[in-house]
Every structure is written in C-alpha cells, then in structure tokens.
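Undergrad: Need coordinates for the below:
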Amino acid sequence: MYHLSRNGARFQIFAPNQQQMHVMDHMKKQPSSGENRNMMMESARFSHGQGMMQIQDLSRLDVNTFDAVIFPGGHGIVKNLSTFNKEGKDCKLHNDVERVLKEFHKNRKPIGLSSMAPLLACRVLPSLEVTMGYERDESSRWGNWPNTNMVQAVKSMGARHNVREPYISFSGAVTCPVFLNRLPHEAYVDEKNRVISTPTFMWETDYHYHYIFDGIGNMVKHVMRMSAK
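TA: Okay, here's the model as predicted:
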C-alpha cells in the first residue's frame, strides 16, 4: 500500500468473503483452537480506510475496472487461496483467484506477485518465469530459505524459476561487500507474460527487513511501468 501510494496509484483491496482455514497463534506458531475468522474481516485489518479503502468481496473484482492486480503473498496463499497445503503441486485455486489471474493475463494487464503468490499464477497460467528466491535451504549470515519445496512445485507446474539470493564479492583490499545482481530485494520481470515477482518473506531474516520492503517497491514500480503502456 505504501509503495502504490508513493508511486501515485489509486487502488482497491479485495479478499474472499469466506472463512479462512484456521487462525494462527503467531506466538506459538500453531493454529489457535476454537477461533474462526472471515477472510474479508481479517484482511480489513490492513486497510485502515474508509469509503473506497474498505475491503471488497473478491467476487466483485472486474478486470475492466483496473490496470493491474497484485497478490501480496503470505501463508494464506497455500491455505485459503489454494489447496496447496493439502494437495501440493496438484492444488486447486479458489474460484475467484483463478478467474482474476486468467482474466488479467488474457487482457495483457500486469500481475504482481510476492512471497508465495507465484504458486497461484504458475498453477493456472502457462510458461511463466518467476522468482521465489533461492532453490535450496542453506542458512547463511543473511538468513535461510525454508520454503524451497514451493520452488520445486512451481517448476513442476511448467514455470521457469529464476534465483534471487544474497551474493557477496570481495576484490583486493576492499573490505566492504559489493552486492551483485541476485539479491532478495530484486524483482524478476517476465516481460512476455507481464508478470512481476519478488521473494519477500520466502527469505527468513533476523535483521534485514528493509530488503523485503525494497523488493516490494521494485515489484510495484515494474507493475506500474507496465500498466502505463
């Protein structure tokens, strides 16, 4: 929302008007027992808005009204917007999620994807090129990549995966790291399909949250660049 606003976009937020799979206790990192929430009501926590900024039912999203669509990601991708948690690479998508992706793709309107969201697009759109970060879970000073099974899933769906990872090079007496062209704050642009993706929280980090913020910003800028064409 910040990056869209900063780049002069007017936008609307949508969510399915259905119960979510479960409510997470983020202190215990496990589902909270005896609690149910509606996805629209839960998503409304993010909008803090009135009027046009109220959450809308995803079933009402009309491709003719918007220039682009962005799926922010998160574990709701594999629990609520698809059946990936249960069925893996053979998962089914929420009906409106599948409809929206196919309609925007058919109309050549940009699709932005962050975190786990490439799973959705790769499941129903052919021959995409995306990034979900790194392809192996290897801990380093930068953190680790615990969800690489999803990378293998999108590859099995027929997509081409492009690695985005921290990479450091030292030269001679230089003591400061030089960051080369494969960082988690980058976005990968599939110009042919008009799909832009960035890893965000596919990467676990203790301190470097600004890279996640920057990656979303890069994705949004490319979405808006394509929207202007």
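Undergrad: For the residue nearest to residue 117 when sequence neighbours are not counted, name its beta-bridge partners.
TA: Nearest residue to residue 117 in three dimensions, chain neighbours excluded: residue 71, at 3.9 Å (Cβ to Cβ, 6 or more residues apart in numbering). The way it works is simple: take the backbone N, C-alpha and C, and place the C-beta from them, glycine included. Beta-bridge partners of residue 71, counted by DSSP bridges, are residue 113.
Undergrad: For the residue nearest the centre of the chain, give me its contacts.
TA: When Cα atoms, centre = their mean is applied to the chain, the residue found nearest the centroid is residue 114 (2.0 Å). Neighbour list for residue 114: 70-73, 197-200, 215-216, 219 [criterion: Cβ atoms under 8 Å, 6 or more residues apart in numbering].
Undergrad: What of residue 38?
TA: 17-20.
Undergrad: rerun that using 7 Å as the cut-off
TA: Applying Cβ atoms under 7 Å, 6 or more residues apart in numbering to residue 38 gives the contacts 17, 19.
Undergrad: Residue 96 now?
TA: Residue 96 neighbours (Cβ under 7 Å, 6+ apart): 16, 58-59.
Undergrad: at 10 Å what do you get?
TA: Taking Cβ atoms under 10 Å, 6 or more residues apart in numbering as the contact definition, residue 96 lies against 14-18, 57-61, 81.
Undergrad: My reading is that it is in a helix; is that accurate?
TA: Yes: according to DSSP: H, G, I helix; E, B strand; the rest coil, the state of residue 96 is that of a helix.
Undergrad: okay if I get the contacts of residue 114 as TSV plus distance to residue 89, neighbour count and pLDDT?
TA: Formatted as TSV, these follow (distance: Cβ to Cβ, whole Å; neighbours: other Cβ atoms under 10 Å; pLDDT from 0 to 100):
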residue	distance to residue 89	neighbour count	pLDDT
70	24	21	98
71	18	23	97
72	22	19	92
73	18	24	88
197	18	35	96
198	22	33	93
199	19	32	90
200	21	25	90
215	25	27	90
216	26	24	94
219	24	27	95
